[in-house]
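Participant: Fold the following for me, if possible:
(4 chains)
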4 protein chains.
Amino acid sequence: MRVRFAETDAQGVAHHAVYLVWFEVARVEYLARFDGGYPGLRSRGVEALTIEANARYGHPAYFDDRLEIGVRCTDLRGARFRFEYGVTRAGEQLAQGWTLHACVDAATLRPTRVPAYLAEAIAAAEATAPASSS
Amino acid sequence: MRVRFAETDAQGVAHHAVYLVWFEVARVEYLARFDGGYPGLRSRGVEALTIEANARYGHPAYFDDRLEIGVRCTDLRGARFRFEYGVTRAGEQLAQGWTLHACVDAATLRPTRVPAYLAEAIAAAEATAPASSS
Amino acid sequence: MRVRFAETDAQGVAHHAVYLVWFEVARVEYLARFDGGYPGLRSRGVEALTIEANARYGHPAYFDDRLEIGVRCTDLRGARFRFEYGVTRAGEQLAQGWTLHACVDAATLRPTRVPAYLAEAIAAAEATAPASSS
Amino acid sequence: MRVRFAETDAQGVAHHAVYLVWFEVARVEYLARFDGGYPGLRSRGVEALTIEANARYGHPAYFDDRLEIGVRCTDLRGARFRFEYGVTRAGEQLAQGWTLHACVDAATLRPTRVPAYLAEAIAAAEATAPASSS
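Facilitator: Next up is the predicted model:
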């Protein structure tokens, strides 16, 4: 992923709010490995809400930097799941973060368990993933 | 309207794509004068699509600048309407632009005439507005 | 502050990353009370970096919602300061968050103490502010 | 390029302002073929300003759509150059646009000719490019 010019700010670096967008892009790509991914989840009438987000910024990212966003699903129980992220540039860690999500029924907006097909696929993937997977 | 820090880019000025967002904010405020405005339009099952947008950039806008966005509805016939914009700072014109829109039925996405209540209200407003209204 | 259409996403609500932008807008307005505010800080050769950001989302915000962003500076020592935010709509709390910042010398990017004029002005303001100030 | 969730709006489609960002991403990639690209231009003390932008929206783009942004430099004389864009999804054209740019001296902000190395490289590339290159 390359830093877009539109993502920079007058400090000459990527704006801090953009990291949440990058986390989302990484999360969507991560989920895409599992049976339709996030669009597949929505087509099953399940919506995933973001209920908390956190980012810690160590070193700035600059326009046109080539970044890698590591992502892991570190916790998944009931309706909730948590993702952790690491933003690196050429192996150097620039930032870290995590987001917490809840599945809801798209019609009623009531919490609903993460669908079993997805929970199992993620559990299997994380079991075999190296700790520093990206 | 003040230029947000997140709207600036590494050239130290407001990013050019942000002007389309400002145009939209001005358009929504303009329409808000008429019976529910844009949300009112949507609640009547009419969706307004943007089908063309244009912006000309003369002088840059900087972080925390206080801008005024002038807006006029300059043409409204059938399903289409056109807005023109001027971005000024302390009376100095920084940029201009226009957008072209089409009303569609929210369910079928087929073109539908601009509702009469809105067409008439806009025509009345523009008839009495000074040419350089904002 | 009104939710812009461009700030909504395909879930029909304000996108979660936008809250960090709103926090920044509120922070800039807060600082504007003190001798030039954030631009004044930059003109003194001091840059304020965001080193951590957190947001918790309780209830969604919708297009055209009128929001209030409460903001307090809750901690200020040495080079660091922390802001806390509350996003409310008609008195109902929608979201909360906090950000952590560090002052650096704009030339060397080394940490530098929050300038005394600002530290004192903030301390005085927070001492007299009600706990739930906005 | 995939449509990010953060790029969608409450109409369920990619927000129209985002197309200007996509155009920019395509432009930066296009220029990257030529000796340092846009960052190279900046490192030579030349800044490229966007002085006009236009987009026409035919069909909407949806979350997670895989888009291709075709880009050509169609005119380059003196300090100015123009790019044209086509946004397609699986061969179907969704939108078109163009942007007009001017090179300025980064120090004085006065217009300056597009550097010869870049003008020649672009001319050569466009001479051999098929009319519908992307």
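
Participant: now the helices for chain A?
Facilitator: A:18-31, A:37-43, A:116-128 (DSSP state H).

Participant: Out of those helices, the one nearest chain C is which?
Facilitator: Judged by Cβ to the nearest Cβ, the one of the helices of chain A that comes nearest to chain C is helix A:18-31, at 3.8 Å. To be clear about C-beta, it is placed using only N, CA and C from the backbone, and glycine gets the same treatment.

Participant: Can you list the neighbours in contact with the longest strand along chain A?
Facilitator: When chain A is parsed with DSSP state E, its longest strand is strand A:92-105. Contact with strand A:92-105 is made by A:19-20, A:23, A:27, A:41, A:45-61, A:67, A:74, A:79-88, A:110-115, as judged by Cβ atoms under 8 Å, 6 or more residues apart in numbering or on different chains.

Participant: quick check: angle from that strand to helix A:18-31?
Facilitator: 70 degrees (axes from the mean of the first three to the mean of the last three Cα atoms, to 10 degrees).

Participant: Pull out the buried residues from strand A:92-105.
Facilitator: Burial within strand A:92-105, assessed by neighbour count using 16 or more other Cβ atoms under 10 Å in any protein chain shown, is assigned to A:Leu94, A:Ala95, A:Gln96, A:Gly97, A:Trp98, A:Thr99, A:Leu100, A:His101, A:Ala102, A:Cys103, A:Val104.

Participant: where does chain A dip in pLDDT?
Facilitator: Within chain A, the stretches with pLDDT under 70 are A:129-134.

Participant: nearest residue to the residue nearest to the spatial centre of it other than its sequence neighbours?
Facilitator: Nearest residue to the geometric centre of chain A (Cα atoms, centre = their mean): A:Arg27, 3.0 Å. Excluding its sequence neighbours, the residue lying closest to A:Arg27 (Cβ to Cβ, 6 or more residues apart in numbering or on different chains) is A:Phe83, at 5.5 Å.

Participant: partner residues bridging the one you found?
Facilitator: Beta bridges link A:Phe83 to A:Cys73, A:Thr99 when assigned by DSSP bridges.

Participant: Count the neighbours of it for me.
Facilitator: 23 (other Cβ atoms under 10 Å in any protein chain shown).

Participant: Please report the distance of it from A:His101.
Facilitator: For A:Phe83, the distance to A:His101 equals 7 Å [Cβ to Cβ, to the nearest Å].

Participant: Show me what from chain A comes close to chain C.
Facilitator: A:11, A:16-18, A:20-21, A:24, A:47, A:49-58 (Cβ under 8 Å from any Cβ of the partner chain).

Participant: hmm, 10 Å instead?
Facilitator: Proximity of chain A to chain C is confined to A:9-11, A:13, A:15-24, A:42, A:47-58, A:60, A:95-100, A:102, A:106, A:109 under the rule Cβ under 10 Å from any Cβ of the partner chain.

Participant: List only buried entries from those residues.
Facilitator: A:9-11, A:13, A:15-24, A:42, A:47-57, A:60, A:95-100, A:102, A:106.

Participant: my guess is A:His16 meets C:Ala48, correct?
Facilitator: No: using Cβ atoms under 10 Å as the test, A:His16 is too far from C:Ala48 to be in contact (11.3 Å).

Participant: Next to chain B, which bits of chain A? Give me the list.
Facilitator: For chain A, the residues in contact with chain B (Cβ under 10 Å from any Cβ) are A:3-18, A:62-64.

Participant: can you rerun that using 8 Å?
Facilitator: A:Phe5, A:Ala6, A:Thr8, A:Asp9, A:Ala10, A:Gly12, A:Val13, A:His15, A:Ala17, A:Tyr62, A:Phe63.

Participant: quick one: which of the residues you listed is nearest B:Leu31?
Facilitator: For the residues of chain A next to chain B, the closest approach to B:Leu31 (Cβ to Cβ) belongs to A:Ala6, at 26.9 Å.

Participant: Which of the contacts of strand A:92-105 fall in strands?
Facilitator: A:46-57, A:74, A:80-88.

Participant: what sits against the closest residue to A:Pro60 other than its chain neighbours?
Facilitator: On the basis of Cβ to Cβ, 6+ apart, the spatially nearest residue to A:Pro60 that is not a chain neighbour turns out to be A:Val13, at 3.7 Å. Shown here is A:Val13, whose contacts under the criterion Cβ under 8 Å, 6+ apart are A:Pro60, A:Ala61, A:Tyr62, B:Ala10.
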